[in-house]
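Enquirer: Next input, structure requested:
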Amino acid sequence: MTTQAIELHGREYVVLDRAEYDRLTILAQAANLPPLPKPDKDGNYPAVEYCRASIARDIIKDRVAAGLTQRDLAKLAGVPVKTLSRIETGMYTPSVPTVEKIDRALKSALAKARK
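Expert: All right, here's what the predicted structure looks like:
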């Protein structure tokens, strides 16, 4: 990776190629996973909220590992970007067919990324 530092108006900036910027942006998204819900006083988790967050976290981790943006994954899976975004926030319960489309797209992308 080649970088160059420049100074503008007393502030230092780093210039890097677009591919590296995109890679870093995708990695930053992985650090922003939706939180798992807190258990109740008996140690039980709310099922729907836990499932939503768990699905979201798994999709985000796999998407990032495959080097995909939300737009890339949505296109590969054949789902609207808005739908994928809502799923990844952990606030939306996707249908089984939607999860299957996303899963197939992720498995294919991960296989290609590992080659």
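Enquirer: Buried residues, the strand or helix carrying residue 63. List them.
Expert: Per DSSP states H and E: residue 63 is located in helix 47-65. Neighbour-count burial for helix 47-65, counted by 16 or more other CB atoms under 10 Å, picks out 49, 52, 53, 55, 56, 57, 59, 60, 62, 63, 64. Backbone N, C-alpha and C define where each C-beta goes, glycine included.
Enquirer: And stretch 72-83, by the same measure?
Expert: For stretch 72-83, using 16+ other CB under 10 Å, the buried residues are 72, 73, 74, 76, 77, 79, 83.
Enquirer: I'd say residue 104 and residue 77 touch.
Expert: Yes: counting by CB atoms under 8 Å, residue 104 does reach residue 77; the two are 7.3 Å apart.
Enquirer: hang on, the earlier thing: output the buried residues of helix 47-65 as JSON lines; include the columns pLDDT and distance to residue 16.
Expert: Formatted as JSON lines, the buried residues of helix 47-65 follow (pLDDT from 0 to 100; distance: CB to CB, whole Å):
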{"residue": "49", "pLDDT": "96", "distance to residue 16": "39"}
{"residue": "52", "pLDDT": "96", "distance to residue 16": "35"}
{"residue": "53", "pLDDT": "96", "distance to residue 16": "33"}
{"residue": "55", "pLDDT": "96", "distance to residue 16": "33"}
{"residue": "56", "pLDDT": "96", "distance to residue 16": "29"}
{"residue": "57", "pLDDT": "94", "distance to residue 16": "28"}
{"residue": "59", "pLDDT": "96", "distance to residue 16": "27"}
{"residue": "60", "pLDDT": "93", "distance to residue 16": "24"}
{"residue": "62", "pLDDT": "93", "distance to residue 16": "25"}
{"residue": "63", "pLDDT": "92", "distance to residue 16": "22"}
{"residue": "64", "pLDDT": "88", "distance to residue 16": "19"}
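Enquirer: and which of the residues you listed is nearest to residue 97?
Expert: Nearest to residue 97 among these is residue 55, at 13.9 Å by CB to CB.
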